[in-house]
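> Could you work out the structure for the sequence below:
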Amino acid sequence: MTEQVIEQVTGQAAEQTAEQPEARALFQAAYENRYTWDAKFPGYTADVTLREGEKVHTGKLRITPDATGNLSHEVTEVADEEAQKAIAGQAWEIAVHRQRRTFEESHGKNLFTLGATDDTGAVEILVNGKSMGDRYKIHNNEVSLVHRHIRSVVVTINTLSSHQTEEGYLSHRYDSVYHDVKTGESKGSQVFEDEYEKVRGYYILSRRAITADQEGKSVTSEFLFSNITLLD
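Numbering: from 1, shown residues only. Got it, this is the predicted structure:
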């Protein structure tokens, strides 16, 4: 390979991985505008009800921070094993999305460039580095689209509406579409609707409805969180 070709290939690689500071700044601002719990969040307990058609399951939920600030979850008193797994899955989602992490902790190993701007004014953010192939959209200082590779599945999440709080936004309605990484085959989709209750200064999920297509039918699972009590 000649020096000229080497320089050309090296230049192309550098161009593909070079970061645009404006892309990072735009994404970081929207990332930091998400509502998360601060370091003083004490954790909480709640009663949980899962409604699946005519089936109703009940139990207890506990979200607790450890000494390092990481949030753990515990679901108890659910008689049905599948319902236990479903509620535990939502508890994990709550803990992951409300835990506060700095932008560098979450995205420090990624590089960002600007993509296209769609008809709504949302700006696409393309990712290189550790999470190469992922992409996002930013609209009105919110992350309006997330497109990520998670093991064997590609997940695309579109935020349709959001709640505004004094400390950032919370997604209200959003859909999640799944495809096989290798074949592109559809793996289903879900539509979510979240409601929150403010308890002693903290917004905590009080209701989540998940509607999915199963065998050509629309099926909704509703998770209700009541008697929310912050831990001392």
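> so where do the helices sit in this protein?
3-17, 21-32, 81-98, 103-107 (DSSP state H).
> and the last one, which residues are buried?
Right, the one you point to is helix 103-107. Neighbour counts using 16 or more other Cβ atoms under 10 Å place His107 of helix 103-107 among the buried residues. (C-beta placed from N, C-alpha, C; glycine too.)
> what does stretch 56-69 give?
Across stretch 56-69, burial judged by 16+ other Cβ under 10 Å covers 57, 59, 61, 63-65.
> got a markdown table for those, with pLDDT and distance to Leu111 too?
Shown next, in a markdown table, are those (pLDDT from 0 to 100; distance: Cβ to Cβ, whole Å):
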| residue | pLDDT | distance to Leu111 |
| --- | --- | --- |
| His57 | 98 | 45 |
| Gly59 | 98 | 43 |
| Leu61 | 98 | 38 |
| Ile63 | 98 | 34 |
| Thr64 | 97 | 36 |
| Pro65 | 94 | 32 |
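> From the structure, what's the count of residues near Val48?
Neighbour count of Val48, defined by other Cβ atoms under 10 Å: 22.
> so what's it bridging to?
Beta-bridge partners recorded for Val48 (DSSP bridges): Gly59, Phe225.
> quick one: it and Ala91, what's the gap?
For Val48, the distance to Ala91 equals 8 Å [Cβ to Cβ, to the nearest Å].
> Next: Lys60.
Separation of Lys60 from Ala91 (Cβ to Cβ): 11 Å.
> Need the overlap of contacts for these two.
Common contacts of Lys60 and Ala91 (Cβ atoms under 8 Å, 6 or more residues apart in numbering): Val75.
> Go ahead and flag the most central residue of this structure.
The residue lying closest to the centre of the chain (Cα atoms, centre = their mean) is His97, at 5.9 Å.
> Could you check how far that one is from Thr117?
27 Å.
> where are the low-confidence patches of this structure?
For the chain, the stretches flagged by pLDDT under 70 are 1-17.
> could you redo the last one with a cut-off of 50?
Applying pLDDT under 50 to the chain flags the ranges 1-16.
> sorry, back to before: list residues touching both of Val48 and Ala91?
The contact sets of Val48 and Ala91 overlap at 61, 75 (Cβ under 8 Å, 6+ apart).
> Give the full set of residues in contact with the residue nearest to Ile94 when sequence neighbours are not counted.
Closest residue to Ile94 apart from its sequence neighbours, by Cβ to Cβ, 6 or more residues apart in numbering: Leu205 at 5.7 Å. If a contact means Cβ under 8 Å, 6+ apart, then Leu205 has 94, 194-196, 225 as its contacts.
> Repeat that for Gly133.
If you count contacts by Cβ under 8 Å, 6+ apart, Gly133 has them with 127, 149.
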